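Q: Got a predicted model here, sequence first, then my questions.
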Amino acid sequence: MTSSSFVERALWPLRWPLGVSAFAVRALRASLRGPPAKDTLLLTVRLLVRSLPVVVVVTFFSGAMLTVQAAVSLAGFGAQSVTGLIVGFGGVREVFPLLAGGSLAARTGAELASQLQAMRVTRQVEALDMMGLDAMQLLVAPRVIACILGGPVCVVAALVAGLFGAYAIGVWQLGIDRGAMWNSLLQAVSHLDVYIGLIKGVVLGGLVGVVACAEGFMSTELTAQSVGQAANRAVIRSMVVVCIAALLLSLLIYGHLVST
Amino acid sequence: MSVQAQPPIALLRALGVSAVDVARGFGRVVVLLVQATVLGLKEPGGLQAAVRQAIIITSRCALPVALVVGPVGAMMALQSLTLMRTFGVERQLAPLAAAVVIRELAPGFASVVVAMQGGAAIAAELATMRLAEELDALEVMGLEPRGLIAGPRILGAAVAGPLLNTLAIVSGITGSYLMAVVVLGVPHTVFVESLPEGINPSDLITSQLKTMVFGAGLGAICASAGFSSERSTAGVGAAANKAVVTSVVFVLVSNYLLNTALFGLRGGG
């Protein structure tokens, strides 16, 4: 634990976003200089292999859970037809993309932060600097780009898995007719929602990448414990950032639909 | 694998091995949960240690819980209003928001945040103790790390769960109030007057019990990940990572199973 004065703690909510934004600018500039293509590809593949199973399991069960809950809550209003509609609407627009971002943060965010922090603890980053190589370009840029590429894929997988979870529970557990369940799930969903989901995936993925890399790269403490702490901070902070960003995106995109 | 197997057999074998691993891990967590709780309570001063852990976990997770569940509640209000305004049932927003936050959003997201913040910290802490051979030192002195180290943390997480859930409910409803009233112009009186219709004592109790179960479960998962970590710097990070992922999946899967068990859903709804 580093000792920090009260003033430092009070200013932290201002300083942290500024620090991360500055880091994001540096990471983007490094990405524009051209990160190593092979590393970027491998990191993207690794992200998908590691995060997709988590995304699929998490959203499948949250789709199932939402369906059970909606069926119970709506029992008075002809649950059969409305359950699918509510789950499809709320799930595709908000819950599944958000949980995809959360799973990405939990899996890949923690991994990126602990990788980078471990490289700093073992002085590999300083070694790169000594050789005149740019660590931002070689280490951070490929990771951020991998997250930006992987984010939308995770969101699509989340939508499919979540809808399938809702469908499976509706048909097997609640005994709703197959065709009717599928129709009601997709009734309130339009193509536009899927495109918006892709945009959300890009933004949320990029934010997870930037926050996780910043946590791995910016800490001043370099000990064995700091690796675990960096992973821990990366997960929770990128989760908070993902939630707030998802809200702002929804407000921006869907907000004007309400007032009409 | 020493013996070269045909592709289908190899795939089957790999699946079998990972299934056995999952089952073994599950068994280990259940045994740890029971042993650590019993031993932890028998330990002199075990109750105080558990209370201390509960305070630590609650204070570490309070801000993230509020920052996650608040926006989620706001998002729900936003999307519900897009549907409700078309049907002209705006008055139903507050009861719906309260019911959804209390039943699902608050316990679910609060537990996910506890897993990410408190759980990862537990795993990293225990893995660091293992790396520094502190756990071995305890055993040499004839002390039981399960009761002494894991027990208070599991009990603490089980107590912190409901406390944080209360905070999550408040911040979720506040989030949907801010979105509905301040941003989207639902009248303040309409929202406040209709709000109590959505608050149901049995829902509140179920929600609190759920988070207690999630807290104990994820505490045991994270402690188990810390105890079985590899003894290296990378092992500490890996243990924290594994703990977070496993406990997030645990929270969502058991949430579904608990819902099904509680409502006893059968065909026909």
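A: Cool, got the structure.
Q: Report how many residues lie close to residue A:132.
A: 6 (other CB atoms under 10 Å in any protein chain shown). All C-beta atoms are positioned from the backbone trio N, CA, C, and that covers glycine.
Q: Assign it to one of the three secondary structure states.
A: Recorded secondary structure, residue A:132: coil (DSSP: H, G, I helix; E, B strand; the rest coil).
Q: I'd like to check which residues are in contact with residue A:40.
A: A:141, A:142, A:145, A:146 (CB atoms under 8 Å, 6 or more residues apart in numbering or on different chains).
Q: how about those residues in TSV, adding secondary structure and distance to chain B?
A: Listed next are the contacts of residue A:40 as TSV, based on DSSP: H, G, I helix; E, B strand; the rest coil; distance: CB to the nearest CB, whole Å:
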residue	secondary structure	distance to chain B
A:141	helix	21
A:142	helix	19
A:145	helix	21
A:146	helix	17
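Q: Residue B:221 and residue B:246 touch, don't they?
A: Yes. Using CB atoms under 8 Å, residue B:221 is in contact with residue B:246, at 5.2 Å.
Q: sorry, back to before: out of the contacts of residue A:40, which are buried?
A: A:141, A:142, A:145, A:146 (16 or more other CB atoms under 10 Å in any protein chain shown).
Q: quick one: residue B:63 from residue A:236, how far?
A: Counting by CB to CB, to the nearest Å, the gap between residue B:63 and residue A:236 amounts to 9 Å.
Q: higher neighbour count, those two?
A: Taking other CB under 10 Å, residue B:63 and residue A:236 do not tie; residue A:236 has more neighbours (30 against 15).
Q: my guess is the more buried one contacts residue B:114, does it?
A: No. With contact defined as CB under 8 Å, residue A:236 does not reach residue B:114; the gap is 10.0 Å.
Q: I'd like the buried ones among the contacts of residue A:40 as TSV, with pLDDT appended.
A: TSV is the format used below for the buried ones among the contacts of residue A:40 (pLDDT from 0 to 100):
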residue	pLDDT
A:141	87
A:142	89
A:145	89
A:146	91
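Q: Quick check: which element contains whatever residue of the stretch 51-200 of chain B ends up closest to chain A?
A: At 3.0 Å from chain A, residue B:124 is the closest residue in the stretch 51-200 of chain B, using CB to the nearest CB. Using DSSP states H and E, residue B:124 falls within helix B:120-131.
Q: Now tell me what touches that helix from outside.
A: With CB under 8 Å, 6+ apart as the criterion, helix B:120-131 contacts A:110, A:224-225, A:228-229, A:231-232, A:235-236, B:60, B:135, B:149-150, B:153, B:157, B:219, B:222-223, B:225-227, B:229, B:231-233, B:235-237, B:239-244.
Q: Spell out the secondary structure type for the most centrally placed residue in chain A.
A: Centroid check for chain A by CA atoms, centre = their mean gives residue A:101 as the closest residue, at 1.9 Å. State at residue A:101, reduced to three classes by three-state DSSP: helix.
Q: Check it and give its pLDDT.
A: Looking at residue A:101, its pLDDT stands at 91.
Q: Then residue B:140?
A: pLDDT, residue B:140: 85.
Q: now residue B:160
A: Reading off the model, residue B:160 has pLDDT 90.
Q: What residues of the least confident helix or strand in chain A by mean pLDDT count as buried?
A: Using mean pLDDT, DSSP states H and E, the weakest-scoring helix or strand in chain A turns out to be helix A:79-90, at a mean of 77. Neighbour-count burial for helix A:79-90, counted by 16+ other CB under 10 Å, picks out A:79, A:80, A:82, A:83, A:84, A:85, A:86, A:87, A:88, A:89, A:90.
Q: Near the closest residue to the fifth one other than its chain neighbours, how many other residues are there?
A: Spelled out, it's residue A:84. Leaving aside its chain neighbours, residue A:84 sits nearest to residue A:184 (3.1 Å; criterion: CB to CB, 6 or more residues apart in numbering or on different chains). For residue A:184, the neighbour count with other CB under 10 Å is 23.
Q: Pretty sure residue A:83 is one of the things residue A:184 touches, is it not?
A: Yes. The pair residue A:184 and residue A:83 passes the contact test of CB under 8 Å, sitting 7.2 Å apart.
Q: Tabulate the contacts of residue A:40 (a markdown table), appending distance to residue A:154.
A: Rendered in a markdown table, the data for these read as follows (distance: CB to CB, whole Å):
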| residue | distance to residue A:154 |
| --- | --- |
| A:141 | 20 |
| A:142 | 18 |
| A:145 | 15 |
| A:146 | 12 |
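Q: Near chain B, which residues of the stretch 151-260 of chain A? Just list them.
A: A:173-176, A:188, A:224-225, A:227-232, A:235-236, A:239-240, A:243-244, A:246-247, A:250-251, A:254-255, A:257-259 (CB under 8 Å from any CB of the partner chain).
Q: hmm, which of the residues you listed are the buried ones?
A: Among these, the ones that count as buried by 16+ other CB under 10 Å are A:173-174, A:176, A:188, A:224-225, A:227-232, A:235-236, A:239-240, A:243-244, A:246-247, A:250-251, A:254-255, A:258.
Q: Among those residues, which are located in helices?
A: A:224-225, A:227-232, A:235-236, A:239-240, A:243-244, A:246-247, A:250-251, A:254-255, A:258 (DSSP state H).
Q: Name the helix or strand for residue 25, please.
A: In the absence of a named chain, chain A is used. helix A:6-32.
Q: other chain: chain B
A: Going by DSSP H and E, residue B:25 is in helix B:7-42.
Q: Show me what that helix packs onto, helices and strands only.
A: Packing partners of helix B:7-42 (3 or more CB pairs under 8 Å, 6 or more residues apart in numbering or on different chains; DSSP states H and E): helix B:46-87, helix B:151-177, helix B:201-227.
Q: Is there any residue in the longest one that contacts chain A?
A: Yes. Remark: helix B:46-87 sits within contact range of chain A at B:64, B:67-68, B:71-72, B:74-76, B:78-79, B:81-83, B:85, by CB under 8 Å from any CB.
Q: between that helix and helix A:224-259, what angle do the directions make?
A: Here the directions of helix B:46-87 and helix A:224-259 differ by 20 degrees (axes from the mean of the first three to the mean of the last three CA atoms, to 10 degrees).
Q: Quick check: next helix or strand after helix B:46-87?
A: According to DSSP H and E, the helix or strand after helix B:46-87 is helix B:93-100.
Q: hmm, who's touching that following helix?
A: Contacts of helix B:93-100 (CB under 8 Å, 6+ apart): A:73, B:73, B:76-77, B:80-81, B:84, B:172-173, B:176-177, B:180, B:186, B:190-192, B:194-200, B:203.
Q: So for that helix, what gets flagged as buried?
A: Applying 16+ other CB under 10 Å to helix B:93-100 flags B:93, B:94, B:95, B:96, B:97, B:98, B:99, B:100 as buried.
Q: Including pLDDT, could those go into TSV?
A: Shown next, in TSV, are the buried residues of helix B:93-100 (pLDDT from 0 to 100):
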residue	pLDDT
B:93	81
B:94	82
B:95	83
B:96	82
B:97	83
B:98	85
B:99	84
B:100	83
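Q: In a markdown table, list those along with distance to residue A:57.
A: Shown next, in a markdown table, are those (distance: CB to CB, whole Å):
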| residue | distance to residue A:57 |
| --- | --- |
| B:93 | 32 |
| B:94 | 34 |
| B:95 | 32 |
| B:96 | 28 |
| B:97 | 28 |
| B:98 | 29 |
| B:99 | 27 |
| B:100 | 23 |
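Q: Any idea how many residues pack against the residue lying closest to residue A:228 once chain neighbours are set aside?
A: In space, and not counting its chain neighbours, residue A:228 is closest to residue B:124: 3.0 Å by CB to CB, 6+ apart. Applying the criterion other CB under 10 Å, we find 30 residues in the vicinity of residue B:124.
Q: what's the answer for the one 5 residues further on, then?
A: A count of nearby residues for residue B:129, using other CB under 10 Å, gives 20.
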